[in-house]
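Chemist: how does the following fold in three dimensions:
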Amino acid sequence: MQLKRTVKVLFIGMLMSCLFTACGESGGSADIVGTWVDTEVEDIKFIFNSDGTWQYVSNMSAHGTWKLTEGKNNEIQMPSESGLGEDRRHVGGVHEFSIDGDILTLDGVGEYERES
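Modeler: Residues are numbered from 1 along each chain as shown. Next comes the predicted model:
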């Protein structure tokens with residue numbers, strides 16, 4: 001009787017461990033969601049919303065939609081919907097990116113720190 005209970009407890013513990021490990025993995029689209037502040041100029045921000053929209057806040061603002069490129073963990077598609085000539089800094093487009101702790105690096109655009 002005691003052996004059956006011990007086996008049940010071990011099985012449930014292993015199952016829960018597997019579930020927590022799977023839920024704790026990073027690298028999904030949720031990692032980029034949030035507000036990111038330029039590491040050099042505090043007035044410049046990127047905002048990535050969970051609804052798939054983004055906004056570049058600066059004196060030359062831009063906005064659009066975003067999604068991660070399917071099959072690539074480090075590429076984001078973020079076409080600008082700001083209108084002809086509005087995205088003067090060319091932040092819209094397809095960019096490789098990386099997130100290291102609280103630092104987002106967008107290839108060709110710059111480094112941004114997660115706003116706390």
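
Chemist: wait, residue 98 touches residue 74, no?
Modeler: Yes. Using CB atoms under 8 Å, residue 98 is in contact with residue 74, at 6.0 Å. Placement of C-beta: from N, CA and C, glycine included.

Chemist: residue ranges with poor pLDDT in the protein?
Modeler: Counting by pLDDT under 70, the chain shows low-confidence ranges at 1-28, 84-85.

Chemist: what about the strands in it?
Modeler: Ranges of strands in the chain, per DSSP state E, are 34-38, 45-48, 53-57, 62-65, 67-68, 75-78, 93-100, 103-106, 110-114.

Chemist: of those, which is nearest residue 87?
Modeler: Across the strands of the chain, residue 87 has its closest neighbour in strand 62-65 (4.1 Å, CB to CB).

Chemist: show me which residues of the closest one are buried.
Modeler: 62, 63, 64 (16 or more other CB atoms under 10 Å).

Chemist: save the strands of the chain as a markdown table, and put in distance to residue 86 too.
Modeler: What follows is these, written out as a markdown table (distance: least, CB to CB, whole Å):
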| stretch | distance to residue 86 |
| --- | --- |
| strand 34-38 | 19 |
| strand 45-48 | 16 |
| strand 53-57 | 10 |
| strand 62-65 | 6 |
| strand 67-68 | 21 |
| strand 75-78 | 14 |
| strand 93-100 | 14 |
| strand 103-106 | 19 |
| strand 110-114 | 19 |
